[in-house]
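Engineer: show me the folded form of this:
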Amino acid sequence: MRNVRRRRTPTWILILPYLSLAAALPGCGPRNRPGSGEVSRHTELANAYAAFEQRQYDQAMAGADRVLSEDSVGPGSAEALYLKGRIEEQKAKDAGNTSQARDHLREARAIYQRALAIKPAQPLEAYLRAGLANASYFLEDYATAAREWAAAYPQINDADAKAWVLYRAGLSEQRQGRFAEADRHFATVQQLFPGSEQARRAATHQGAAGFYVQVGTFATNANADNTAGMLKAQGYTAVKATDPSGRQSIAVGPVPTYQQAKSLRDRLVAQYPGAMIVP
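Structural biologist: Predicted structure coming up:
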């Protein structure tokens, strides 16, 4: 196990950059100049986006639905669907780690797929694919996430967004046990976006060849060794590592697949409530 160099990022933090970056997406309905006969739809969609930014999700959803009720595949429809997908993702974030959150994510994924079937222009298509990838990632459909992030990447112009997409594509490859492919993504993030938060995170994931379940971090060697001894007595392989602050972490592993790591974590979490999978 490599030295642990980070604290675990709360899962839902990873969704936030897409919400904020998407709000500034060029080409979305509220920011397009409407043509003849489109003023009403444009105004409705602009108001819906404004409501979303104010966290008035029911109002935003109702506005998007009114646009779609007028024309489900015409001008503004893909932007309206994109907004609906973002609302569902935000509701999933607010719901935390619950079955309700997964329901919202499944709805977001279906909405993004419906919008992509309309064949919207770029860059909206790329952001829809990024949204589909994001929802798929948190639904643990890592193959879809990797594919859609790879498709979105060339069409996104914002450098910060591109770095997030590339980094998350690497995470998706890693979760599938495709460690060499993941490392290529992580290396590219560090090469193209040096000094960024994405590059920092990529460096902490690069080089993995298996998964561990970290059960705790300790200020003293004695406490770390005591925990390692208890794990070994239960038949687990315990590994100790040191983080940059000098604290000792204890993990169990490695195991070759993410699914095996989840099973291992589920066995350990009752005894160690903070148990988490790394990388």
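
Engineer: per-residue confidence averaged over the host helix or strand of H42?
Structural biologist: Using DSSP states H and E, H42 falls within helix 39-53. When pLDDT is averaged over helix 39-53, the result is 88.

Engineer: same deal with stretch 227-235?
Structural biologist: Along stretch 227-235, the predicted local confidence has a mean pLDDT of 95.

Engineer: re the thing from before, send me the helix or strand just after the helix holding H42 as PDB with only the CA atoms.
Structural biologist: Tracing the chain past helix 39-53, the next element assigned as helix or strand by DSSP H and E is helix 57-70. Output for helix 57-70, consisting of C-alpha atoms alone and laid out as PDB, is shown next (Å, rounded to 0.1, in the frame of the first residue of the first chain):
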ATOM      1  CA  TYR A  57     -36.100  23.200  -7.600                       C
ATOM      2  CA  ASP A  58     -39.800  22.600  -7.900                       C
ATOM      3  CA  GLN A  59     -40.300  26.000  -9.700                       C
ATOM      4  CA  ALA A  60     -37.300  25.200 -12.000                       C
ATOM      5  CA  MET A  61     -38.700  21.800 -12.800                       C
ATOM      6  CA  ALA A  62     -42.100  23.200 -13.600                       C
ATOM      7  CA  GLY A  63     -40.700  25.700 -15.900                       C
ATOM      8  CA  ALA A  64     -38.700  23.100 -17.800                       C
ATOM      9  CA  ASP A  65     -41.700  20.900 -18.100                       C
ATOM     10  CA  ARG A  66     -43.800  23.800 -19.500                       C
ATOM     11  CA  VAL A  67     -41.100  24.200 -22.200                       C
ATOM     12  CA  LEU A  68     -41.200  20.500 -23.000                       C
ATOM     13  CA  SER A  69     -45.000  20.400 -23.100                       C
ATOM     14  CA  GLU A  70     -45.000  22.900 -25.900                       C
END
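
Engineer: give me the residues contacting helix 57-70.
Structural biologist: For helix 57-70, the external contacting residues (CB atoms under 8 Å, 6 or more residues apart in numbering) are 29, 40-41, 44-45, 47-49, 51-52, 76-77, 80-81, 83-84, 87, 90-91. The C-beta positions use only the backbone N, C-alpha and C, and glycine is treated the same way.

Engineer: right, and the helix or strand after it?
Structural biologist: Past helix 57-70, the next helix or strand by DSSP H and E is helix 77-95.

Engineer: the helix holding H42: which residues count as buried?
Structural biologist: Using 16 or more other CB atoms under 10 Å as the test for burial, helix 39-53 gives R41, H42, E44, L45, A46, N47, A48, Y49, A51, F52.
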